[in-house]
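1. curious how this folds, go ahead:
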Amino acid sequence: MARPALTNDERAQMRRRLADAALSIHLEQGSDAVSFRALAEAVGISHTLIYRYVEDKDELLAQVRAAAVGRFEAFVRSRERDRESRLERLRTVFDAYVEYVRRNPAEYLLIFSTEQPSPDAYPELLAARRSLFEHAVESVQACVDAGEIQGDARRITHAFWGGLHGLMTLHVNGQLVHGCDLDELAPALLNLLLGAVLPNRVTPAASRGVAARRRSPGRKSKPNPRRSA
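-> Model (predicted):
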């Protein structure tokens, strides 16, 4: 006899239970321990029944990652304060990223694991990732609109994003072994990135020109022979 069809609510409820169980197993034992048999035991169903709710492990982990990204964004937004200036708010967003990863290194590694299918394959995960990134773009764009930094907001955000995630990945994998730790490097990275986009920044070439002029205060300009004709 065929099993009765699942309602959307029943399917969604079990998918949430499976995702919660998968996250718990991942946090306690690592992602390799997340198997359908382990999940079935955790939620109290046959492992063959799991296929009624998810197609495979990758689909289930995509759901787990989407939920983790949502918590990541909620944490970042909770740290913002209305009275901050736009540039201060951008610094707060940066600091909140660092703090979230300090508190949730295993979730961070799960979200940005290099051993996962492209988020493009899972609309829910892609939407969550985009929402987190677009919030950062909005923070940068507010600074650009106010004239506090200059440049293209999306490109600036990508630069911040890439630099910060590189640092966070090294940190959570225990690879900051060359004499500087996260407490030193995170603010240094932010100041370096901001220094590249603050308005009226003097370029290295311009600095050399200014220095050369300062070394020769008595130098007089030569008359242009073409103008004396």
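2. Val144: how many residues sit nearby?
-> 17 (other CB atoms under 10 Å). (Glycine included, C-beta is placed from N, CA and C.)
3. equivalent analysis for Ser113, please.
-> Applying other CB under 10 Å, I find that Ser113 has 11 neighbouring residues.
4. go on, the one 10 residues further on?
-> Here the number of neighbours of Pro123 (other CB under 10 Å) works out to 11.
5. quickly note the distance from it to Glu134.
-> 16 Å (CB to CB, to the nearest Å).
6. and if you look at Glu84?
-> Using CB to CB, Glu84 is found at 19 Å from Glu134.
7. try Glu28
-> Using CB to CB, we find Glu28 at a distance of 33 Å from Glu134.
8. these two - which one has more neighbours?
-> Neighbours per residue, other CB under 10 Å: of Glu28 and Glu134, the larger number sits with Glu134, 14 against 9.
9. which helix or which strand is home to that one?
-> Applying DSSP states H and E as the criterion places Glu134 in helix 123-145.
10. tell me which residues of stretch 36-50 are tucked away?
-> 36, 39-40, 42, 45, 50 (16 or more other CB atoms under 10 Å).
11. end-to-end on that stretch?
-> Stretch 36-50 stretches 7 Å from its first residue to its last (CA to CA, to the nearest Å).
12. pLDDT averaged over it - what is it?
-> In this model, stretch 36-50 has an average pLDDT of 91.
13. what's the answer for stretch 9-21, then?
-> 89.
14. name the residues that touch it?
-> 39, 42-43, 50, 52-54, 60, 63-64, 67 (CB atoms under 8 Å, 6 or more residues apart in numbering).
15. any low-confidence regions in this structure?
-> Along the chain, the parts satisfying pLDDT under 70 run over 1-4, 201-229.
16. next, count neighbours for Ala66.
-> Burial of Ala66 is recorded as 21 neighbouring residues (other CB under 10 Å).
17. so what's it up against?
-> With CB under 8 Å, 6+ apart, Ala66 has these contacts: 122, 124-125, 127-128.
18. list only buried entries from these.
-> Members of these that pass the buried threshold by neighbour count (16+ other CB under 10 Å) are listed as 122, 124-125, 128.
19. just how off-centre is the one helix or strand Leu18 maps to within its chain?
-> Leu18 is part of helix 8-29, with elements assigned from DSSP H and E. For helix 8-29, the gap between its own C-alpha mean and the chain's C-alpha mean amounts to 24 Å (CA atoms, centre = their mean, to the nearest Å).
20. repeat for stretch 140-157
-> The gap between where stretch 140-157 is centred and where its chain is centred comes out at 17 Å by CA atoms, centre = their mean.
21. again with stretch 72-92
-> Once both centres are worked out by CA atoms, centre = their mean, stretch 72-92 turns out to sit 14 Å from its chain's centre.
22. check what contacts that stretch and list those residues.
-> 93, 95-97, 99-100, 104, 107-108, 111, 128, 131-132, 135, 139-140, 142-143, 146, 148-149, 190, 194.
23. kind regards, and thank you for your time.
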